[in-house]
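S.K.: Following is a predicted model, sequence given first.
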Amino acid sequence: MRFSPMSLPALAVVGQAVASPISKRDTASDRANAVKQAFQIAWDGYYAHAFPHDQLHPMDNTYDDYYDGWGASAIDAISTAAVMGHREIVNQIVDYIPTIDFTYSNETTISLFETTIRYLGGLLAGYDLLSGPAADLVSDKSKVDTILKQAQVLANTLSYAFETPSGVPYNNLLINNRSNDGSTTNGLATTGSLVIEWTHLADLTGNHTYAQIAQKAESYLIHPQPSWAEPFPGLVGSTIDIATGKFTDNYVTWNGGDDSFYEYLIKFFVYDPIRFSEYRDRWLAAANSTLEHLLSHPASQPDLTFVNIWNNGTTISTSEHLTGFIGGNFLLAGSVLGRQDLIDAGLAFTDSWHATYNSTATKIGPEVFAWDKAGVPADQEAFYEKAGFYITSADYVLRPEVIESYYYAYRVTGDTKYQDWAWDAFLAINSTCHVGSGYSGIENVNVVGGAGFDNEQESFLFAEVLKYSYLIHAEDADWQVKADGKNKFVFNTEAHPFTVVG
Ligand SMILES: *[C@@H]1O[C@H](CO)[C@@H](O)[C@H](O)[C@H]1NC(C)=O
Ligand SMILES: *[C@@H]1O[C@H](CO)[C@@H](O)[C@H](O)[C@H]1NC(C)=O
Ligand SMILES: *[C@@H]1O[C@H](CO)[C@@H](O)[C@H](O)[C@H]1NC(C)=O
Ligand SMILES: *[C@@H]1O[C@H](CO)[C@@H](O)[C@H](O)[C@H]1NC(C)=O
Ligand SMILES: *[C@@H]1O[C@H](CO)[C@@H](O)[C@H](O)[C@H]1NC(C)=O
Ligand SMILES: *[C@@H]1O[C@H](CO)[C@@H](O)[C@H](O)[C@H]1NC(C)=O
């Protein structure tokens, strides 16, 4: 059993001669507090050296504006600060939001997708939590309505992106003169991970245009053309022509670039099961086809279950850290739809991505890995035999997806093994990635100490890694995922929780 440093004084105060066994509940609350402390460390570094820019470079206390320059880390932090009850941080962000000019960006191009999931998502979750179950954290209540007003200013700035012949948006925008980078195509995830945010904004404000434009774009993805772009029911290609709304390939994956399209099909149904049952049906088709056609078991560790890429009849046994969300996504669907087979599949995926963590020298999983026996590099043969995969990109950039799946696995099953896995991952990240004034990505997960840093404290450390690491140990609350599928909130792909229509 592990103790965080703060449990020791607490025991001393009680003054027991012999320490009595610590209950699971005490362990969980010590762990939750340790994650909260890490959040404070990351925030303090950002606030001192990078705020109101986007992200901190913790090694030299510089910053970047990779995500529009509106303070991405602050907006990504608000919903986590709220669920953690970090009152001071919540108010620092709430005071900042009214000062942002969402009609102008110093950056040349901004991504509709990244801006939607981080900023629109962060603002809407901040509004939901701080006008709802976390309202007591805010000192100046009048500023809570301003959060929603700012979300509207942002959406009104971005909405011209959907003004294309088909309604499939441009992703790369130059908002200062309402132009775009000239791309003729958009991707599956960048097109298909907008509906929850834009529909929720419509529901909160009564301006239905936001919902209509996002759902029009998504209509091409759930009714894909031409038919060869849907090689298996529900599984579709990766690239869409902006002029026609037709797919230009049939390259099927759950990896980065495609991932959150599938994630959002079931989450949009969770958001409103009455209006969006068609999205559930599309998710079920995709899930069934995935289980039928894409599952793959490494020759050296056949108990592990990963997901192949399908490229026009050829399968490729490569996957990513990003794809680790798939366990949580199946668990959410299984709990909401009452389907034990989907829960079992979700747990098999979660176990398998756990193996990508527990096999490495840092106990952190790699960015990209593969398991095709024919491709094993000579210097990883022993590793492949033991671990069941080999590493093809060894970096770790503070990604959340594996801990995210532990979170769903724990909430759905109640098995404390998943809390232990999440704690192991948190301790590994907290010790390996801490550098200078915060946390950084590392170069090689399979070298003790990480073999160097990328000097980037990603904004999703705040939104996702520390949120899921915290919530898995935290008390039940309205925003927590519910085992019986009766959820009051649904998390967007950046882990911002939105109140469901219910
Ligand atoms: C509703 O949203 C659309 C899309 O951003 C915008 O053009 C329009 O002005 C909004 N309507 C109102 C009344 O705010
Ligand atoms: C918009 O601005 C960018 C850079 O500021 C410029 O390169 C581009 O030509 C402009 N586009 C239009 C349509 O004015
Ligand atoms: C997929 O759906 C078909 C038809 O409903 C069913 O027979 C099959 O068992 C399903 N496959 C899986 C893996 O759930
Ligand atoms: C898929 O492969 C077939 C041959 O097997 C080829 O005719 C077709 O053009 C390929 N389609 C794509 C989208 O690459
Ligand atoms: C690593 O994780 C896998 C999958 O959860 C598990 O089967 C295996 O026992 C673990 N190995 C160790 C050394 O903990
Ligand atoms: C997390 O890292 C911080 C910074 O190094 C350290 O102060 C803290 O004790 C660590 N937490 C745990 C639980 O190890």
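M.R.: Arrived safely, thanks for sending. Ligands and ions are numbered 1, 2, ... in the order given.
S.K.: Can you list the buried residues in stretch 375-385?
M.R.: By neighbour count with 16 or more other C-beta atoms under 10 Å, stretch 375-385 contains the buried residues V376, Q380, F383, Y384. For every residue, glycine as well, the C-beta is placed using N, CA and C.
S.K.: Got phi/psi on the closest residue in space to the second one that isn't next to it in sequence?
M.R.: Excluding the flanking residues, the one nearest Q380 by C-beta to C-beta, 6 or more residues apart in numbering is Y390, at 4.2 Å. Dihedral angles phi and psi of Y390 (degrees, to the nearest 10) take the values phi -130, psi 160.
S.K.: Was I right to think Y390 contacts V368?
M.R.: No - Y390 sits out of contact with V368 when judged by C-beta atoms under 8 Å, with a separation of 10.3 Å.
S.K.: Give me the more crowded residue out of those two.
M.R.: Y390 (21 against 17; other C-beta atoms under 10 Å).
S.K.: now the helices: where do they sit in the stretch 101-250 of the chain?
M.R.: For the stretch 101-250 of the chain, the helices defined by DSSP state H, counting those that start in this stretch cover 112-114, 121-130, 142-158, 188-192, 195-205, 209-222.
S.K.: quick one: the longest one to helix 195-205, angle?
M.R.: Angle of helix 142-158 versus helix 195-205, following axes from the mean of the first three to the mean of the last three C-alpha atoms, to 10 degrees, is 130 degrees.
S.K.: Helix or strand with the lowest mean pLDDT in this protein?
M.R.: helix 7-14 (a mean of 36; mean pLDDT, DSSP states H and E).
S.K.: Surely E114 is in contact with Y67?
M.R.: Yes - when contacts are counted by C-beta under 8 Å, E114 is listed as touching Y67 (5.7 Å).
S.K.: Between the two, which is the more surrounded one?
M.R.: Y67 (24 against 18).
S.K.: Okay, that one and ligand 4: tell me how far apart.
M.R.: 33 Å (C-beta to the nearest ligand atom, to the nearest Å).
S.K.: if we can go back for a sec, now the helices of the stretch 101-250 of the chain as CSV including distance to ligand 2?
M.R.: Output for those, formatted as CSV (distance: least, C-beta to the nearest ligand atom, whole Å):
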stretch, distance to ligand 2
helix 112-114, 16
helix 121-130, 26
helix 142-158, 15
helix 188-192, 21
helix 195-205, 24
helix 209-222, 21
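S.K.: Which one of those lies nearest to G438?
M.R.: With C-beta to C-beta, the closest approach to G438 among the helices of the stretch 101-250 of the chain belongs to helix 121-130: 18.8 Å.
S.K.: Buried by neighbour count: which residues of the closest one qualify?
M.R.: Within helix 121-130, judged by 16+ other C-beta under 10 Å, the buried ones are G121, G122, L123, L124, A125, G126, Y127, D128, L129, L130.
S.K.: same thing with stretch 311-327?
M.R.: Quick answer for stretch 311-327 (16+ other C-beta under 10 Å): I316, S317, T318, S319, E320, H321, L322, T323, G324, F325, I326, G327.
S.K.: Can you tell me which of those is nearest ligand 6?
M.R.: H321 (21.3 Å; C-beta to the nearest ligand atom).
S.K.: pLDDT (mean, whole number) over stretch 136-145?
M.R.: The average of the pLDDT scores along stretch 136-145 is 96.
S.K.: circling back to that earlier point, in JSON lines: the buried residues of stretch 311-327, plus distance to ligand 2, secondary structure and pLDDT.
M.R.: Output for the buried residues of stretch 311-327, formatted as JSON lines (distance: C-beta to the nearest ligand atom, whole Å; DSSP: H, G, I helix; E, B strand; the rest coil; pLDDT from 0 to 100):
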{"residue": "I316", "distance to ligand 2": "38", "secondary structure": "strand", "pLDDT": "98"}
{"residue": "S317", "distance to ligand 2": "42", "secondary structure": "coil", "pLDDT": "98"}
{"residue": "T318", "distance to ligand 2": "37", "secondary structure": "strand", "pLDDT": "98"}
{"residue": "S319", "distance to ligand 2": "38", "secondary structure": "strand", "pLDDT": "98"}
{"residue": "E320", "distance to ligand 2": "33", "secondary structure": "strand", "pLDDT": "98"}
{"residue": "H321", "distance to ligand 2": "34", "secondary structure": "coil", "pLDDT": "98"}
{"residue": "L322", "distance to ligand 2": "31", "secondary structure": "helix", "pLDDT": "98"}
{"residue": "T323", "distance to ligand 2": "35", "secondary structure": "helix", "pLDDT": "98"}
{"residue": "G324", "distance to ligand 2": "37", "secondary structure": "helix", "pLDDT": "98"}
{"residue": "F325", "distance to ligand 2": "35", "secondary structure": "helix", "pLDDT": "98"}
{"residue": "I326", "distance to ligand 2": "39", "secondary structure": "helix", "pLDDT": "99"}
{"residue": "G327", "distance to ligand 2": "42", "secondary structure": "helix", "pLDDT": "99"}
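S.K.: Reformat those as CSV; add distance to ligand 6.
M.R.: Shown next, in CSV, are those (distance: C-beta to the nearest ligand atom, whole Å):
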residue, distance to ligand 6
I316, 38
S317, 36
T318, 33
S319, 29
E320, 26
H321, 21
L322, 25
T323, 28
G324, 23
F325, 25
I326, 29
G327, 25
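S.K.: Columns distance to ligand 5 and secondary structure on top of the buried residues of stretch 375-385, output as CSV?
M.R.: Below are these laid out as CSV (distance: C-beta to the nearest ligand atom, whole Å; DSSP: H, G, I helix; E, B strand; the rest coil):
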residue, distance to ligand 5, secondary structure
V376, 19, coil
Q380, 17, helix
F383, 13, helix
Y384, 15, helix
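S.K.: Show me which pair in these is furthest apart.
M.R.: V376 and F383 (8.6 Å).
S.K.: Show me the common contact partners of these two, please.
M.R.: Common neighbours of V376 and F383, counting by C-beta atoms under 8 Å, 6 or more residues apart in numbering, are Y390.
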